[in-house]
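S.K.: here is my input; please provide its structure:
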Amino acid sequence: MIRLVGGTAALLAFSAAIVAGLIAENAMVTVLKRALTAMVLFLMIGSLLGWVGEMVLRDHLNRLVAQREAESATAETAEATDAADTDAAPPEGAAP
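M.R.: Model prediction:
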């Protein structure tokens, strides 16, 4: 995800800088220098944002897994308690 977001942001910035430079009728050398600078800058920014997004998704996934494990452990404990109560209860109609 880090590479995907970084690369996408870099290519988008490069393209936008090229188009903006051509529309402004700047010299080709100036347009390319600015486009390459924008690409490198946005590669770093996009990579940072991709890393943050990956950490957020990983944390969310870990919380979901822990929550489901806790729910299944609670359900297993409840089933075991119900089974133990059923075994310990006297049969119906039996004299105490």
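
S.K.: so where do the helices sit in this structure?
M.R.: Taking DSSP state H to define them, one finds helices in the chain at 2-23, 28-88.

S.K.: any idea how far residue 64 is from the most centrally placed residue in the chain?
M.R.: The residue at the geometric middle of the chain, judged as the C-alpha nearest the mean C-alpha position with C-alpha atoms, centre = their mean, is residue 57 (2.2 Å). Distance of residue 57 to residue 64, computed by C-beta to C-beta, to the nearest Å: 11 Å. Where you see a C-beta, it was placed from the backbone N, CA and C, and this is true even at glycine.

S.K.: now swap in residue 32 and tell me
M.R.: Distance of residue 32 to residue 64, given as C-beta to C-beta: 46 Å.

S.K.: what about these two, which has more around it?
M.R.: For the pair residue 32 and residue 64, the greater number of neighbours falls to residue 32 (15 against 10), based on other C-beta atoms under 10 Å.

S.K.: please report how far the more buried one lies from residue 25.
M.R.: Distance, residue 32 to residue 25, using C-beta to C-beta: 14 Å.

S.K.: same deal with residue 14?
M.R.: Taking C-beta to C-beta, one finds residue 14 at 19 Å from residue 25.

S.K.: same deal with residue 16?
M.R.: When distances are taken as C-beta to C-beta, residue 16 and residue 25 turn out to be 16 Å apart.

S.K.: between the two, which is the more surrounded one?
M.R.: The residue with more neighbours, out of residue 16 and residue 25 and counting by other C-beta under 10 Å, is residue 16; that gives 14 against 7.

S.K.: and the residue nearest to that one when sequence neighbours are not counted, what is it in contact with?
M.R.: Spatial nearest neighbour of residue 16, chain neighbours left out: residue 38 (7.3 Å); criterion: C-beta to C-beta, 6 or more residues apart in numbering. Contacts for residue 38 (C-beta atoms under 8 Å, 6 or more residues apart in numbering) come out as 13, 14, 16, 17.

S.K.: can you flag the buried ones in those?
M.R.: Those of these that meet the buried threshold are 13, 14, 17, by 16 or more other C-beta atoms under 10 Å.
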